[in-house]
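Colleague: A structural model of the following input is requested.
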Amino acid sequence: VVAGLSAYAAWQLMASAGDKKIKDSAGIYAMACGVFIYTALGFVLDSAILTVGMALMVLAISFIWERVPFRLLRHFTLALATVVLVRLSFNPYIFDYELFDWFGRHWVLYGFGISAVAFFLAAKQFRKSADDELVTALESGALVFAVLLVTYEVRIFVEGSISALNYGFLEQSVQSASWLTSAYGLMLRNAKAPRFYAKWGARALLTVATAQVLLLQVLYNNPVITGDAIKGYFPFDNLFLAYAAPAMLLCFIVPKLPAIGFAKLSRYAADFVAALLLIYVTLEIRQLFQGRRIDLLHDSNLELYVTTLAWFALAGILAYWKWFRLEEVLRPSAKWVAAIALLMVFAGHIGIFNPVLTNLAVPGTVIFNVMLLGFVAPAIGLALIARKSEGTILEPYRDYLGIAAYAIGFAYVTLEVRRFFQGPFIHAGSVSDAEYYGYSLIWLAYALAALGVGMWLQRSAIRHAALAVLVLVVLKVFLSDMAGLGGLYRVASFM
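Modeller: Next up, the predicted model:
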């Protein structure tokens, strides 16, 4: 108390003192009082209260500096601020401090909150005379305290204590969202008035948040990998927090990356946004079909087909994106998202998970069954995209998209013939003469229809694809049907 009153007396005295020696003497005296106060706090206070007292002492010294501009006083303040920062940021014993009560009423709130406010106000005071390393340290310290306050409050809210051993999927998701939000706030601050702490704080938070999303939420603690139950209700469950929320926040962040020196990362960040949205859509569909606990593979053809259509829809949204000034960075992502969806159609629907090769049923009637979603919908979608691709990033791939649509349609009519003769389970059963002849007939009709469409649209790629199927039909008739079919089917095939 005596040291504090003495420092206050020196502060008042300097208002009227004009001699430099007197000012320097008063500065030394004020600094000595600060040392005594610091020593006294160590005897009187304990744990977080002691650190808060030191932070408030930093703020008090900033006001003394206005009257006693003694240079060593700034160095003493820098050393004191470093002690406060180390005690709250790198002190492992804080995890043993007792919490007074539940969320919002414990030492974390005032320990970090008051310290952050004190450091910010002290930096503002000291900046009036000089913008040096002390101001930078105080502003950075205020940012660190504010981020740690939010981080520990989230941990206490989710786990009940900052010393909890578990660091689960839900907490990771909330922490990542809070860090990305803080990074965006710092970007706005830096755009308004560039500061060291705002620029580098945004960089650090953005790096840590994206690393956690990728390494923990996507690769390590993904519910598909861990088998943990999904909490919450669709669509606002912990999948939304883990994948959709970071993607939405990054949509705001990406346009501002050049302001913090991350311009070269905009392309990768946009791809990361698309990847998170792809994961979110996939896992939400998986949850709709499988429930709270989801597996890596689908349970039915319907689930597979709906997932693929969702990927095509996402690719379309990215291709025609017009929001948040992200057209130039997000639209290229539509290419690889569409490529994944197209690969799934050929490698999954037609290849590995083809109903002929698996024991999964094809529910529905002969015409109205799930293969409409797995084959007809993608084929029509690709045909429309190819038709409307002029002037978009997909224009160079127009012919390839048309051929892909034609190939998917060819697979569909072939499987429909199989479904007509074999019923819902088309993976087993012998091929009758009628079914074998039916393939030739439907291929011929399909090729002639495609040839007419190609002539109408004046698209050589479609005409060439149709002619390729016609050649296939001719080869099948002369090399296989004439030898394999009997009776009227052989005659009909030749005709």
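Colleague: what about the stretch 351-495 of the chain, any weak spots by pLDDT?
Modeller: Flagging of the stretch 351-495 of the chain using pLDDT under 70 yields the residue ranges 392-393, 428-429, 477-495.
Colleague: switch to 50 and redo it
Modeller: 486, 488-489, 491 (pLDDT under 50).
Colleague: how about the helices in it?
Modeller: Along the stretch 351-495 of the chain, the segments classed as helices by DSSP state H, counting those that start in this stretch run 371, 377-387, 398-422, 433-457, 460-476, 482-484, 488-494.
Colleague: Is it possible to get CSV of those helices that adds mean neighbour count?
Modeller: Where C-beta positions appear, they are placed from N, C-alpha and C, glycine not excepted. Formatted as CSV, the helices of the stretch 351-495 of the chain follow (neighbours: other CB atoms under 10 Å):
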stretch, mean neighbour count
helix 371, 23
helix 377-387, 20
helix 398-422, 20
helix 433-457, 17
helix 460-476, 17
helix 482-484, 12
helix 488-494, 14
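Colleague: Looking at those, spot the one closest to Ile253.
Modeller: Among the helices of the stretch 351-495 of the chain, the nearest to Ile253 by CB to CB is helix 377-387 (29.6 Å).
Colleague: for the helices of the stretch 351-495 of the chain, which one sits closest to Leu296?
Modeller: helix 377-387 (22.4 Å).
Colleague: list the helices and strands the closest one packs on?
Modeller: Using 3 or more CB pairs under 8 Å, 6 or more residues apart in numbering; DSSP states H and E, the elements in contact with helix 377-387 are helix 301-319, helix 333-343, helix 398-422.
Colleague: Can I get those in a markdown table including distance to Val208?
Modeller: Output for these, formatted as a markdown table (distance: least, CB to CB, whole Å):
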| stretch | distance to Val208 |
| --- | --- |
| helix 301-319 | 27 |
| helix 333-343 | 23 |
| helix 398-422 | 40 |
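Colleague: which stretch among these comes nearest Ser266?
Modeller: The nearest among those, by CB to CB, is helix 333-343 at 11.6 Å.
Colleague: Quick one: residues in contact with the closest one.
Modeller: By CB atoms under 8 Å, 6 or more residues apart in numbering, the surrounding residues in contact with helix 333-343 are 270-271, 273-274, 278, 308, 311-312, 314-316, 318-319, 321, 378, 382, 393-394, 404.
Colleague: The next helix or strand after that helix: how far from the chain's middle?
Modeller: The element immediately downstream of helix 333-343 (helix or strand, assigned by DSSP states H and E) is helix 371. Remark: helix 371 is offset 32 Å from the chain centroid, using CA atoms, centre = their mean, to the nearest Å.
Colleague: Show me what the top helix by length along the chain is packed up against.
Modeller: The longest helix of the chain (DSSP state H) is helix 133-159. With contacts taken as 3+ CB pairs under 8 Å, 6+ apart, helix 133-159 sits against helix 71-89, helix 107-126, helix 169-192, helix 196-212.
Colleague: What part of this protein, helix or strand, is modelled with the least confidence?
Modeller: helix 488-494 (a mean of 50; mean pLDDT, DSSP states H and E).
Colleague: which ones are touching Ser178?
Modeller: Per CB under 8 Å, 6+ apart, neighbours of Ser178: 150-151, 154.
Colleague: Next up, the contacts around Asn354.
Modeller: Taking CB under 8 Å, 6+ apart, one finds Leu415 in contact with Asn354.
Colleague: ok, so what distance separates Glu284 from Ala313?
Modeller: According to CB to CB, to the nearest Å, Glu284 and Ala313 sit 13 Å apart.
Colleague: do Pro378 as well
Modeller: Counting by CB to CB, the gap from Pro378 to Ala313 is 11 Å.
Colleague: Would you convert the helices of the stretch 351-495 of the chain into CSV that also reports distance to Ile64?
Modeller: CSV is the format used below for the helices of the stretch 351-495 of the chain (distance: least, CB to CB, whole Å):
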stretch, distance to Ile64
helix 371, 81
helix 377-387, 70
helix 398-422, 73
helix 433-457, 83
helix 460-476, 81
helix 482-484, 102
helix 488-494, 103
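Colleague: Determine which of the ones you listed approaches Ser266 most closely.
Modeller: helix 377-387 (25.8 Å).
Colleague: roughly how far is the closest one from the heart of the chain?
Modeller: With CA atoms, centre = their mean, you get 29 Å for helix 377-387.
Colleague: quick check: angle from it to helix 301-319?
Modeller: 20 degrees (axes from the mean of the first three to the mean of the last three CA atoms, to 10 degrees).
Colleague: Alpha carbons only: can I get helix 377-387 in PDB?
Modeller: Listed next in PDB are the C-alpha coordinates belonging to helix 377-387 (Å, rounded to 0.1, in the frame of the first residue of the first chain):
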ATOM      1  CA  ALA A 377     -30.000 -39.100 -63.500                       C
ATOM      2  CA  PRO A 378     -26.200 -38.800 -63.900                       C
ATOM      3  CA  ALA A 379     -26.500 -39.400 -67.700                       C
ATOM      4  CA  ILE A 380     -29.100 -36.700 -68.100                       C
ATOM      5  CA  GLY A 381     -27.200 -34.400 -65.800                       C
ATOM      6  CA  LEU A 382     -24.000 -34.800 -67.700                       C
ATOM      7  CA  ALA A 383     -25.800 -34.300 -71.000                       C
ATOM      8  CA  LEU A 384     -27.400 -31.100 -69.800                       C
ATOM      9  CA  ILE A 385     -24.100 -29.800 -68.500                       C
ATOM     10  CA  ALA A 386     -22.400 -30.600 -71.800                       C
ATOM     11  CA  ARG A 387     -25.200 -28.800 -73.600                       C
END
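Colleague: pLDDT below threshold where in the stretch 101-250 of the chain?
Modeller: In the stretch 101-250 of the chain (pLDDT under 50), the answer is 101-104.
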